[in-house]
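Below is the sequence, then the predicted model.
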Amino acid sequence: MIRIGANPICWSNDDMIEIGGDIPLEQCLAEAKAIGIEGMELGNKFPTTAEALKGKLAEFGLAFISGWYSTFLLERDAEAEFEAAREAIALRKGAGAEVLIVCECTRTVHGTKSAPLSSRPVMTEAEWALFLPRMTRFAELVREAGLQLVYHHHMGTVVQTGAEIDRFMAGTEDAVKLLLDTGHATWAGADPVDLAARYARRIGHVHTKDVRAGVAVQAAEGDWSFLDSVLAGVYTVPGDGAVDYPSVFRALPDYAGWVVIEAEQDPEKANPKQYVTLGYANLVRFLDEAGLRRAA
């Protein structure tokens, strides 16, 4: 069964807190619920204890999905990473999450507005040999703690391209599931339909954002940073860009879990309520076309 959720980054940016910083959390949650959204991922305006987080979402009839956690497995082993993650795991599990969303952020440039994407980190052979078994071991520890690790491939990080996603999946074991992000895959030059088809069994979470192909071309030609590209509108909601969503979902016939709208845009240019409403309506249509069942 599939449930449609949203990330509050559609209203307020986490890497540039001034973007959407004036939008109250209550406005975000009320608009999400009115649109039909069933659950929310974590954002910088949310309560920081599990009880308060569940309570705030319950006020609006929303469930808690999960939230981003930055790993640094190139700098510390899996046991040290698990110790660092204990508070994040407890918050997510206590608030009702079933997955832990992780992304390796050693030397990442995605949150640095002045850093062009061409300066992103690329792992050496020695680093891949260190990173992959550490990620599997960390996922095993997270599973023992009660959550499923889902890995978020992301622009500006060490796992960005299709080849890097392939190497990551080949080098990690079943304890590690993939968070398929249609926007990051498309912008990086990978085919999200192909990724969905080949890794369907190991996809444990889905982020949906679309890509304005013209802006992506401008970003590459101008060697823009990730954040400058976001402000220029490289991302939009599902159905408003280049991604073939019906084909993505047809490649995931047995998927059960959350499908999350995570379209980070400047709310001054793209009204969040208007755009998430559009993305939600499109997702419902695409899921129906693909024959995937949504929760009643």
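Cool, the structure landed. Numbering: from 1, shown residues only.

for the protein, what are the low-confidence residue spans?
Along the chain, the model assigns pLDDT under 70 to residues 296.

show me where the stretch 51-200 of the chain has helices.
Secondary structure of the stretch 51-200 of the chain (DSSP state H, counting those that start in this stretch): helices located at 78-94, 125-144, 162-171, 182-187, 192-199.

Deepest-packed of these, please.
helix 182-187 (a mean of 26; mean count of other C-beta atoms under 10 Å). (Each C-beta comes from the backbone N, C-alpha and C, glycine too.)

tally of neighbours for the nearest residue to residue 47 once chain neighbours are set aside?
Spatial nearest neighbour of residue 47, excluding adjacent residues (C-beta to C-beta, 6 or more residues apart in numbering): residue 53 at 4.6 Å. Neighbourhood size, residue 53 [other C-beta atoms under 10 Å]: 22.

now residue 53: how far from residue 40?
Counting by C-beta to C-beta, to the nearest Å, the separation of residue 53 from residue 40 is 10 Å.

what is in contact with those two at once?
Taking C-beta atoms under 8 Å, 6 or more residues apart in numbering as the contact rule, residue 53 and residue 40 both touch residue 64.

State the phi and psi torsions of the residue minimising distance to the centre of the chain.
In the chain, the C-alpha nearest the mean C-alpha coordinate belongs to residue 207, at 4.9 Å (C-alpha atoms, centre = their mean). Taking degrees, to the nearest 10, you get phi -110, psi 130 for the backbone angles of residue 207.

Beta-bridge partners for it, please?
Partner residues in beta bridges with residue 207, using DSSP bridges, are residue 181, residue 260.

That one contacts residue 183, doesn't it?
Yes. Counting by C-beta atoms under 8 Å, residue 207 does reach residue 183; the two are 7.2 Å apart.

shared neighbours of these two, which are they?
residue 262.

quick one: contacts for the residue nearest to residue 47?
42, 46-47, 64, 91, 95.

mind running it again at 6 Å?
Going by C-beta atoms under 6 Å, 6 or more residues apart in numbering, residue 53 touches 46-47, 95.

same question, residue 199
Contacts of residue 199 (C-beta under 6 Å, 6+ apart): 169, 178.

swap the cut-off to 8 Å and go again
Per C-beta under 8 Å, 6+ apart, neighbours of residue 199: 169, 178, 180.

Can you list phi and psi of the residue lying closest to residue 94 once chain neighbours are set aside for me?
Spatial nearest neighbour of residue 94, excluding adjacent residues (C-beta to C-beta, 6+ apart): residue 50 at 2.8 Å. With angles defined as degrees, to the nearest 10, residue 50 sits at phi -60, psi -40.

now swap in residue 5 and tell me
According to degrees, to the nearest 10, residue 5 has phi -120, psi -180.

quick revisit: and the gap between the residue nearest to residue 47 and residue 88?
Separation of residue 53 from residue 88 (C-beta to C-beta): 12 Å.

swap in residue 57?
Counting by C-beta to C-beta, the separation of residue 57 from residue 88 is 17 Å.

Residue 43 too?
Distance, residue 43 to residue 88, by C-beta to C-beta: 14 Å.
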